[in-house]
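Asker: below is the sequence, then the predicted model.
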Amino acid sequence: MQYWLMKSEPSTFGLKQLAAAPRRTTGWDGVRNYQARNMMRDEMKKGDQAFLYYSSTEEPGIAGLMRIVKTAYPDPTAFDRKDHHYDPKSDPENPTWFMVDVQLERALKRIITLEELRAHENRELKGMALLRRGNRLSITPVSAAHWKFILALE
DNA sequence: GCCAACGTTGGC
DNA sequence: GCCAACGTTGGC
């Protein structure tokens, strides 16, 4: 089993929407970056766990735990002219963009902030992709050791 | 709102 | 294939 971190802006999508969704499950659509797509499409497996990370907010950090409940399938928002993530270059016969389904496992008891993660970036969390300088990827892998350590911080 | 970092686009 | 221009991300 693998572990992941998936970014979302809480003003757009967060725990509230996820908790209210049927079966607390939603499609993680709108990813338009090739590296992130490749990880979703080629590496994410059913049963993998993921952190829900809040970005572009007063207090960036990890807010919840999710599970991958459906492996990659074509992202229909890429074909919807009215959708903000519409991509005219993506051919429905040979889709460019993919999504997975995630289920909310639980909210964390508190947000584990980016600041707190950074406090460990040279020791326990050394090498964590999220903390790499200039990182902008919306989906990054998390090692089992890092996953365990972060949960222990909670 | 600023801006560094990085991905994408398109002219050549 | 190079690279300047441009757009986006995301912390601060």
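Answerer: Structure received.
Asker: A:T26 against A:K16, yeah?
Answerer: No - if you go by CB atoms under 8 Å, A:T26 and A:K16 don't touch, sitting 11.7 Å apart. Every residue, glycine included, has its C-beta placed from N, CA and C.
Asker: list the buried residues in the top helix by length along chain A.
Answerer: Longest helix in chain A by number of residues, with DSSP state H as the criterion: helix A:144-153. Going by neighbour count (16 or more other CB atoms under 10 Å), the buried part of helix A:144-153 is A:H146, A:W147, A:F149, A:I150, A:L153.
Asker: returning to that earlier point: more neighbours: A:T26 and A:K16, which one.
Answerer: A:T26 (19 against 10; other CB atoms under 10 Å).
Asker: helix or strand for the one residue in chain A that gets nearest to DNA strand B, which one?
Answerer: At 2.0 Å from DNA strand B, A:G134 is the closest residue in chain A, using CB to the nearest atom of the strand. Using DSSP states H and E, A:G134 maps to neither a helix nor a strand.
Asker: now stretch A:52-63, how far from the chain's geometric center?
Answerer: Mean C-alpha position of stretch A:52-63 versus that of the full chain (CA atoms, centre = their mean, to the nearest Å) differs by 11 Å.
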